[in-house]
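In: let's see this in three dimensions:
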Amino acid sequence: MKRLLLVAAAALPLAAALTAVHPGATAAETPPAVSDRATPQSADRCVAPVLAPPKDARIVSVSAAPKQGGTLTYPPQPGASEPPPPVTGVPPYCQVDVTLTHGSAGDRELIQVWLPATGWNGRFQALGGSGYLGGDFGPSLPTAVKAGYAVGTTDAGATPTTGFTADWALTDDGRVNTTVLKNFAERGPHELAVLGKAITKDFYGRGAHHAYWNGCSTGGRQGYMEAQRHPGDFDGILAAAPAISWDRFAVGDLWPYVVMNEEDNHLSPCELNAFTAAARAACDGDDGAIDGIVGNAIACDFDAASLVGETVLCEGEELTISARDAAVVEKIWDGPRAADGKRLWFGLTPSADLGYLAGPAPFPVASSWVQNLLVKDPGFDVSTITYADYERLFAQSVEEYHRVIGSDDTDLSGLRRAGAKLLTWHGGDDQLVPLAGTLSYRDKVARRFGDIDDFYRVFVAPGASHCQAGAGPAPTDPLGALVRWVENGHAPTTWPRPRWPPTGRPPSATSASSGTYSPPRVVC
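Out: I've put the predicted structure just below:
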């Protein structure tokens with residue numbers, strides 16, 4: 001049986017989403033039973049605290065409001081057709097909103113903290129963002145309150161139209177909004193830590209005995225930034241599927257689209273899925289178990305050319321895989337390279353779904369970065385990008401933004417001195433953030449420090465996709481594992497996976513290669 005394995009510090013080959021609701025999309029509160037209502041004492045405590053502003057920030061407003069809890073419902077998340085399940089049994093809580101601004105920029109950053117009126121577990125939890133959203137204002141807030149956490153999040157002053165677009169990145173006169181970019185990159189999570197812990201202490205009359213960061217993708221990147229630049233903010237950082245080197249990742253995810261344009265060969269979803277299904281089938285048994293899950297996706301060395309001549313049925317039409325098709329897929333799997341062959345960034349594992357980055361339209365998180373932060377023209381047509389253009393844009397992104405948002409500094413000595421822990425899991429079939437990027441970073445940290453297992457551990461979830469289950473399961477309680485590590489010294493070594501799939505029958509390795517295939521959308 002496959003397990004979620006601790007990644008060893010070995011040489012590496014160069015090779016589902018967080019939900020988030022913008023504060024404007026408010027949750028609907030269903031009046032709970034009388035027994036669930038806030039007590040007069042807890043209501044009296046829910047008053048706007050007096051707070052000292054974080055460095056370089058000014059507090060615009062502070063408000064507090066007692067909430068009844070009960071059942072909270074939310075609209076569909078960005079890219080989803082169905083709303084998330086309602087969160088039931090939410091205890092009464094106090095909601096504190098703090099609005100900050102920085103200098104004369106006129107930005108508005110919202111920090112929101114929920115404080116359970118009863119049953120507080122003594123901990124503070126900060127929630128990270130997704131895509132171009134600085135935080136998570138969705139069901140994660142009431143879920144954390146139900147678990148007894150004082151919990152907070154921030155929009156970082158970045159309020160995109162959707163979680164996929166960086167339309168907050170430019171000012172009205174077309175310049176980069178460096179204030180909001182800094183909020184999104186680093187400052188917002190740090191200010192959330194500072195004010196969230198202060199609000200918690202004011203409400204309960206004592207500080208949280210431990211503070212935790214909890215994020216995936218963008219939230220994972222934010223967690224790494226906290227570990228590197230503000231290592232005293234949290235006792236434990238859960239940073240899953242982290243888009244660590246954002247200045248590289250954001251351009252890297254455009255590579256499949258550029259390849260298909262430059263090679264003048266846009267593969268259909270059915271053809272793309274045929275390559276993925278074949279790779280999974282070929283590498284499934286490498287760990288000794290045939291269960292539809294690739295146990296070691298990084299080691300999967302499937303030759304796309306082996307599919308040449310095979311036919312794929314797409315909407316009643318038979319398509320034959322050509323050598324040109326295989327060459328495109330191999331180039332996508334290999335990842336971005338310069339004209340001289342130098343690797344720029346990593347490609348996806350062969351078992352990852354190609355439909356997100358190699359679809360008929362560019363992945364919006366990547367295209368929006370190029371349009372807004374590099375070309376500085378939201379209307380720029382990314383389909384015109386050549387290989388030469390791509391190499392130039394990649395270099396520009398690193399040059400202009402690495403110091404701002406490239407959270408890949410391998411010096412974690414501050415984290416180690418603080419006694420804090422950094423825990424990461426990453427899906428083997430992650431279709432948005434290349435697994436190899438995370439493993440490469442961990443390998444560099446290990447080479448720098450030697451034994452890092454006492455403060456930094458990385459796990460791979462075989463078959464899991466981006467921030468959620470896929471062909472294989474995602475960890476069921478990674479935050480609980482982090483808490484046990486921080487507070488009890490019980491470092492995780494493996495996460496046993498549940499029976500998967502729930503039916504007990506492994507998914508077919510070939511069933512998805514025929515018929516119509518349309519990948520679901522997901523927030524990065």
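
In: on the three-state scheme, Val96 is what?
Out: Per DSSP: H, G, I helix; E, B strand; the rest coil, the secondary structure class of Val96 is strand.

In: report the buried residues of the longest helix seen in the chain.
Out: Under DSSP state H, the helix in the chain containing the largest number of residues is helix 387-405. Within helix 387-405, the residues scored as buried using 16 or more other Cβ atoms under 10 Å are Tyr387, Tyr390, Glu391, Leu393, Phe394, Gln396, Ser397, Val398, Tyr401, Val404, Ile405. Glycine gets a C-beta too; all of them are placed from N, C-alpha and C.

In: off-centre distance for whichever helix or strand comes after that helix?
Out: Remark: after helix 387-405, the chain's next helix or strand is helix 413-418, criterion DSSP states H and E. Relative to the chain's own centre, helix 413-418 is displaced by 24 Å; criterion: Cα atoms, centre = their mean, to the nearest Å.

In: give me the below-cutoff pLDDT ranges for the protein.
Out: 1-43, 78-79, 495-524 (pLDDT under 70).

In: ranges for the helices of it?
Out: 40-45, 140-146, 178-182, 188-204, 218-229, 246-252, 255-262, 269-283, 323-334, 364-368, 387-405, 413-418, 435-449, 478-488.

In: so how far is Leu127 from the residue lying closest to Ile290 once chain neighbours are set aside?
Out: Ranked by Cβ to Cβ, 6 or more residues apart in numbering and with sequence neighbours excluded, the top spatial neighbour of Ile290 is Asp284, at 5.7 Å. Distance, Asp284 to Leu127, using Cβ to Cβ, to the nearest Å: 35 Å.

In: more neighbours, the two?
Out: Leu127 (30 against 21; other Cβ atoms under 10 Å).

In: who touches the residue nearest to His266 when sequence neighbours are not counted in this structure?
Out: Closest residue to His266 apart from its sequence neighbours, by Cβ to Cβ, 6+ apart: Met260 at 4.8 Å. Contacts for Met260 were tallied using Cβ atoms under 8 Å, 6 or more residues apart in numbering; they are His266, Leu267, Val328, Ala358.

In: distance of Pro462 from Leu423?
Out: 18 Å.

In: and Trp213, by the same measure?
Out: Taking Cβ to Cβ, one finds Trp213 at 10 Å from Leu423.

In: now do the shared contacts for the two.
Out: By the contact definition Cβ under 8 Å, 6+ apart, Trp213 and Leu423 are jointly contacted by Gly236, Ile237, Leu238, Ala239.

In: which single one of these is nearest to Asn177?
Out: Ala239 (25.5 Å; Cβ to Cβ).

In: okay, now the closest one: neighbour count?
Out: Using other Cβ under 10 Å, Ala239 has 30 other residues around it.

In: got a list of what it touches?
Out: Under the criterion of Cβ under 8 Å, 6+ apart, the contact list for Ala239 reads 128, 213, 215-216, 219-224, 227, 422-424.

In: and if you look at Glu82?
Out: Pro76.

In: repeat that for the one 5 residues further on.
Out: With contacts defined as Cβ under 8 Å, 6+ apart, the neighbours of Val87 are Thr71, Leu72, Thr73, Pro139, Pro142, Thr143, Lys146.

In: farthest pair within those?
Out: Thr73 and Lys146 (14.6 Å).

In: skipping adjacent residues, who's closest to Gly134 in space?
Out: Per Cβ to Cβ, 6+ apart, closest to Gly134 is Ala156, 2.8 Å.

In: wait, the one you found touches Arg187, no?
Out: Yes: under the criterion of Cβ atoms under 8 Å, Ala156 makes contact with Arg187 at 7.4 Å.

In: looking at the two, which one has more neighbours?
Out: Counted by other Cβ under 10 Å, Ala156 and Arg187 do not tie: Ala156 has more neighbours, with 31 against 27.

In: look up how far Val259 lies from the most centrally placed residue in the chain.
Out: For the chain, Ser217 is the residue whose C-alpha lies nearest the centre (Cα atoms, centre = their mean; 1.3 Å). As judged by Cβ to Cβ, Ser217 and Val259 stand 23 Å apart.

In: ditto for Phe275
Out: Distance check for Phe275 against Val259: by Cβ to Cβ, it reads 14 Å.

In: between the two, point out the one with more neighbours.
Out: Neighbour tally, Phe275 and Val259, criterion other Cβ under 10 Å: the higher count belongs to Phe275, 28 against 22.

In: mind listing what the more buried one touches?
Out: By Cβ under 8 Å, 6+ apart, the contact list for Phe275 reads Ala304, Leu307, Ile321, Ala326, Val329, Pro350, Leu354.

In: PyMOL command for the buried members of these?
Out: Buried members of those, defined by 16+ other Cβ under 10 Å, are picked up in PyMOL with:
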select buried, resi 304+307+321+326+329+350+354
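
In: I'd like the contacts of Phe275 as JSON lines, with distance to Val458 appended.
Out: Output for the contacts of Phe275, formatted as JSON lines (distance: Cβ to Cβ, whole Å):
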{"residue": "Ala304", "distance to Val458": "28"}
{"residue": "Leu307", "distance to Val458": "32"}
{"residue": "Ile321", "distance to Val458": "35"}
{"residue": "Ala326", "distance to Val458": "32"}
{"residue": "Val329", "distance to Val458": "27"}
{"residue": "Pro350", "distance to Val458": "21"}
{"residue": "Leu354", "distance to Val458": "24"}
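
In: ok, the contacts of Phe275 vs Val445, which is closest?
Out: For the contacts of Phe275, the minimum distance to Val445 (Cβ to Cβ) is 26.0 Å, reached by Pro350.

In: coming back round to it: out of the contacts of Phe275, which comes closest to Gly480?
Out: Using Cβ to Cβ, Pro350 comes nearest to Gly480 of these, at 32.1 Å.

In: the closest one - nearest residue in space that isn't next to it in sequence?
Out: Nearest one to Pro350, counting by Cβ to Cβ, 6+ apart, is Ala279 at 3.6 Å.

In: ok, now which ones touch the one you found?
Out: Under the criterion of Cβ under 8 Å, 6+ apart, the neighbours of Ala279 are Val294, Cys300, Phe302, Ala304, Pro350, Ser351.

In: so how far is Phe363 from the fifth one?
Out: Note on Pro350: its distance to Phe363, by Cβ to Cβ, is 18 Å.

In: do I have it right that Ile452 meets Val445?
Out: Yes: taking Cβ under 8 Å as the definition, Ile452 is a contact partner of Val445 at 5.7 Å.

In: so what sits against both of these two?
Out: Here Ile452 and Val445 share the contacting residues Leu412, scored by Cβ under 8 Å, 6+ apart.

In: tell me which of those two has more neighbours.
Out: The neighbour comparison of Ile452 against Val445 (other Cβ under 10 Å) goes to Val445, with 21 against 18.
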